[in-house]
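model this:
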Amino acid sequence: MNWQPNFLENDFVKLVPLTEGHFEQLYTVASDPLIWEQHPNKNRYQLTVFKNFFEGALLSKGAFLIVDAKTNEAIGSSRFCNYNPEKKLVEIGYTFYARKCWGKPYNKSTKQLMINYALEKVNTIHFFVGAENTRSQKAMEKLGAIKLGEVLMPYYGEPDRLNFQYQIDRNLWEANSLKTEN
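As a prediction, the model looks like this:
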């Protein structure tokens with residue numbers, strides 16, 4: 001299963017499969033402490049903590065560098081992870097953006113690309129959002145995701161953190177897509 005296709009793009013973003021060569025570009029974005037103030041690990045702006053995050057992203061074999069489609073500037077990252085072929089399920093998460101992208105169409109555009117791609121291969125997508133991350137919780141609701149509950153989530157090389165679990169399945173996504181088209 002290829003969870004790092006190189007063709008996911010639209011008018012706002014290009015999702016580029018993450019490689020080791022993207023470290024400096026992505027750390028330039030991630031080094032802003034305010035990006036992480038609502039995330040489960042508030043210290044990811046620190047170089048050593050971010051290196052661990054980046055290593056986990058590479059090992060996931062589903063991570064992307066998010067690039068502004070108009071400027072080709074790195075603006076963030078997201079990833080597919082924890083694919084379960086038996087349950088036909090994958091997770092989307094570990095998403096962050098430069099603050100200048102907040103409140104703009106970048107997150108929605110990225111998630112739409114990733115959700116549409118994933119639902120060609122699975123029936124269900126899970127998202128885990130930090131319990132304090134109200135900005136991302138609102139974004140999940142805008143996408144039409146259903147909150148399933150609370151769970152302690154393990155993070156690569158980090159302690160477990162309290163997260164809210166959300167879900168989008170194929171039927172829900174198709175119903176919401178038809179509703180927004182009319």
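
show me the shaky parts of the protein.
Applying pLDDT under 70 to the chain picks out residues 178-182.

all the strands of it, in order from the start?
Taking DSSP state E, the strands of the chain run over residues 13-17, 63-68, 74-84, 89-97, 124-130, 146-155, 158-169.

contacts only, for K70.
Residues near K70 by C-beta atoms under 8 Å, 6 or more residues apart in numbering: F12. C-betas here are computed from N, CA, C, even on glycine.

how about a cut-off of 10 Å?
11-14 (C-beta atoms under 10 Å, 6 or more residues apart in numbering).

out of those residues, which end up buried?
Neighbour counting over the contacts of K70 (16 or more other C-beta atoms under 10 Å) leaves 12-14 as the buried ones.

which of the strands of the chain sits most buried?
strand 63-68 (a mean of 24; mean count of other C-beta atoms under 10 Å).

quick one: distance of that strand to the chain centre.
10 Å (C-alpha atoms, centre = their mean, to the nearest Å).

what strands line up against it, and which way round?
strand 13-17 (antiparallel), strand 74-84 (antiparallel) (DSSP bridges).

between the ones you listed, which gets nearest to V49?
strand 74-84 (14.6 Å; C-beta to C-beta).

now the angle from the closest one to strand 124-130?
Interaxial angle of strand 74-84 relative to strand 124-130 (axes from the mean of the first three to the mean of the last three C-alpha atoms, to 10 degrees): 120 degrees.

chain center to strand 74-84: distance?
5 Å.
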